[in-house]
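Colleague: coordinates only, sequence not included:
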């Protein structure tokens, strides 16, 4: 498995501002992903964070709104840009660890409220 | 998009009873994973079952997979108050991207 931390754990932000969420893993991982969980809903994949190249976004998510960085094999950031109340969600990063046979592990999540 | 559908949406049981929830999916998969989420926190990985496996156990958990019916079930035996949580199935269609079901909310009454 892997130990994954996220910062911040929660935040309350004003509309129109941006928030950058950090995801740190205690070991090198091949794949890192960012998910969104809207209130009372299930998880939806935002993008795959690729080390050394641009992130791969899922349908309905764009780089201008959710820029992602992955400077190395243990760290990634997700920025939620120009926020609106509709962006209020829990944002979670997940990783697939080398040798884990496809198991994915999730961070504790960042609870974002946009007012 | 969500591939999995979970049934039931909510389940309330007495402590000590068993809890069973089901997950159905639409396309071929490489594996299926079950997760637990307590009160909107992060997801805890429970168990992964591969497409060529039919049953798997981990402690009080038993997972089955029927690829012909595109369905899986999670059984929690001898439930405890600490099992109160939302449970999600997630499918991987061999591209490492997980598609999540809507989840089953389980409440264990003392």
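Modeller: Here it is on my side, so go on. On a predicted model such as this, the values are computed, not experimentally measured, just so you know.

Colleague: Quick one: the strands in chain A, in order.
Modeller: A:4-7, A:10-13, A:19-25, A:29-37, A:43-49, A:56-57, A:68-72, A:75-80, A:89-97, A:104-106, A:110-114 (DSSP state E).

Colleague: ok, now which ones touch residue 57?
Modeller: Let's take chain A. With contact taken as C-beta atoms under 8 Å, 6 or more residues apart in numbering or on different chains, residue A:57 is in contact with A:46-47, A:63, A:66. C-beta: built from backbone N, CA, C; applies to glycine.

Colleague: Oops, wrong one, chain B.
Modeller: Residue B:57 neighbours (C-beta under 8 Å, 6+ apart): residue B:63.

Colleague: Name whatever forms a beta bridge with the residue nearest the centre of chain A.
Modeller: Centroid-nearest residue in chain A: residue A:34, 3.3 Å away (criterion: C-alpha atoms, centre = their mean). Taking DSSP bridges, one obtains residue A:47, residue A:93 as the residues bridged to residue A:34.

Colleague: surely it meets residue A:76?
Modeller: Yes. Assessed by C-beta atoms under 8 Å, residue A:34 is found in contact with residue A:76 at 7.4 Å.

Colleague: Could you dump the strands of chain A into CSV and include distance to residue B:85?
Modeller: Shown next, in CSV, are the strands of chain A (distance: least, C-beta to C-beta, whole Å):
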stretch, distance to residue B:85
strand A:4-7, 19
strand A:10-13, 19
strand A:19-25, 23
strand A:29-37, 14
strand A:43-49, 15
strand A:56-57, 30
strand A:68-72, 29
strand A:75-80, 25
strand A:89-97, 15
strand A:104-106, 14
strand A:110-114, 17
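
Colleague: Residue B:20: which of those is closest?
Modeller: Nearest of the strands of chain A to residue B:20, taken as C-beta to C-beta: strand A:43-49 at 22.3 Å.

Colleague: Report the inter-axis angle for the closest one versus strand A:29-37.
Modeller: Compare the direction of strand A:43-49 with that of strand A:29-37 by axes from the mean of the first three to the mean of the last three C-alpha atoms, to 10 degrees and you get 140 degrees.

Colleague: which helices and strands does strand A:43-49 pack with?
Modeller: strand A:29-37, strand A:56-57, strand A:68-72, strand A:75-80, strand A:89-97, strand B:98-100 (3 or more C-beta pairs under 8 Å, 6 or more residues apart in numbering or on different chains; DSSP states H and E).

Colleague: Name the strands paired with the last one and say parallel or antiparallel.
Modeller: Strand B:98-100 has the following sheet partners, assigned by DSSP bridges: strand B:85-92 (antiparallel).

Colleague: Who are the contact partners of residue B:24?
Modeller: B:4-7, B:69-72.

Colleague: where does the chain dip in pLDDT?
Modeller: No chain was given, so I picked chain A. Scanning chain A for pLDDT under 70 picks out the ranges A:98-101.

Colleague: was after chain B, sorry
Modeller: Looking along chain B with the criterion set at pLDDT under 70, you get B:1-4.

Colleague: can you list the residues of chain B near chain A?
Modeller: Residues of chain B lying near chain A by C-beta under 8 Å from any C-beta of the partner chain: B:1-2, B:30-31, B:33, B:35, B:40-45, B:48, B:50, B:88, B:90, B:92, B:96-103.

Colleague: tell me which residues in stretch A:3-23 are buried?
Modeller: Neighbour-count burial for stretch A:3-23 flags A:4, A:6, A:13, A:19, A:21-23 (criterion: 16 or more other C-beta atoms under 10 Å in any protein chain shown).
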